[in-house]
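Trainee: Got a predicted structure plus its sequence, pasted below:
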Amino acid sequence: MIKIVNGMVILIKELLRNIKRCVTIDYPAGTWPGKKYSQIVAYGRGMHEFDEEKCVGCGACASMCSSKTIKLMDEEGERTVSIYLGRCLFCGKCQDICPEKALKLTPKYELANIDKEKLYVKNSLNMAKCESCRKFIFTEKQINTVKNKILENLKPETKEKVRPDMEKYLKLCPDCRKILSFKLEIHPRKLY
């Protein structure tokens, strides 16, 4: 009985103390008598943002997304990377996996909206056609980025030998590359 009475006394003291002072602050980062009690951190995880100069449309972000909120849509010579914020967990895996560091999460976290289209973050890129079968393969930026990354890490004498083959093969889809390698007898399958 004494424990219950002591507990009630402690509860009443805490209640009276909280009546005298402000316990809530203005949203989102308000101040109360000149003191800031909350803050919006610069490294917060909110709305996504694409760096359109860096994004190559490789789809690494889509393959890593556990909530399947990032989609790649290829239509009429254009690849669109689309992020639906209504399903996103804001885990940050997409920005961590991006090889070009083209995707980041910003501190913009007020995303409520009645227009569903405003809950999408999109980036569109032009696609390249296979020179043989004329179907769309990869984005032009992705092909150029792959070529440049490979060539920059080769020795100068090797670079000159590899460059013509890369120019030929990177303009073809995987199926046409295989057919060409059989015609030129350079497919690895001939070795076994």
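Mentor: That came through, no problem. Since the model is a prediction, treat every value here as computed from it, not as a measurement. Numbers count the residues shown, from 1 in each chain.
Trainee: Strand partners (parallel or antiparallel) of the lengthiest strand in the chain?
Mentor: Taking DSSP state E as the criterion, the chain has its longest strand at strand 120-129. Take DSSP bridges as the rule and strand 120-129 pairs in its sheet with strand 78-84 (antiparallel), strand 136-139 (antiparallel).
Trainee: Could you list the residues in contact with the helix or strand following the last one?
Mentor: Note on strand 136-139: by DSSP states H and E, the next helix or strand toward the C-terminus is helix 140-152. By C-beta atoms under 8 Å, 6 or more residues apart in numbering, the list of residues contacting helix 140-152 from outside reads 55-58, 100, 125-128, 159, 162-163, 166, 170-171. Glycine gets a C-beta too; all of them are placed from N, C-alpha and C.
Trainee: and the gap between the residue nearest to residue 84 when sequence neighbours are not counted and residue 123?
Mentor: Spatial nearest neighbour of residue 84, excluding adjacent residues (C-beta to C-beta, 6 or more residues apart in numbering): residue 69 at 4.9 Å. In this view, residue 69 and residue 123 are 14 Å apart by C-beta to C-beta, to the nearest Å.
Trainee: For residue 95, list the residues it contacts.
Mentor: So residue 95 contacts 48, 61, 101, 103, 104, 105 (C-beta under 8 Å, 6+ apart).
Trainee: List buried members of the residues you listed by neighbour count.
Mentor: Buried members of the contacts of residue 95, scored by 16 or more other C-beta atoms under 10 Å, are 48, 61, 103, 104, 105.
Trainee: which among the residues you listed gets closest to residue 139?
Mentor: residue 61 (13.7 Å; C-beta to C-beta).
Trainee: Checking the closest residue to the closest one other than its chain neighbours next. Helix, strand or coil?
Mentor: Excluding the flanking residues, the one nearest residue 61 by C-beta to C-beta, 6+ apart is residue 94, at 3.8 Å. Under the three-state scheme (DSSP: H, G, I helix; E, B strand; the rest coil), residue 94 adopts helix.
Trainee: Need the mean per-residue confidence for the longest strand of the chain.
Mentor: The average pLDDT within strand 120-129 is 95.
Trainee: How far off centre is the longest helix along the chain?
Mentor: Ordering each helix of the chain by length in residues (DSSP state H) puts helix 2-20 first. Counting by C-alpha atoms, centre = their mean, to the nearest Å, helix 2-20 is centred 50 Å from the centre of its parent chain.
Trainee: what does stretch 48-56 give?
Mentor: 9 Å.
Trainee: returning to that earlier point: out of the contacts of helix 140-152, list just those in helices.
Mentor: Using DSSP H, those in helices are 159, 162, 163, 166.
Trainee: Export those residues to JSON lines and append columns for neighbour count, distance to residue 80 and pLDDT.
Mentor: As requested, the ones in helices among the contacts of helix 140-152 are exported to JSON lines (neighbours: other C-beta atoms under 10 Å; distance: C-beta to C-beta, whole Å; pLDDT from 0 to 100):
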{"residue": "159", "neighbour count": "14", "distance to residue 80": "34", "pLDDT": "86"}
{"residue": "162", "neighbour count": "15", "distance to residue 80": "32", "pLDDT": "83"}
{"residue": "163", "neighbour count": "14", "distance to residue 80": "31", "pLDDT": "84"}
{"residue": "166", "neighbour count": "15", "distance to residue 80": "27", "pLDDT": "84"}
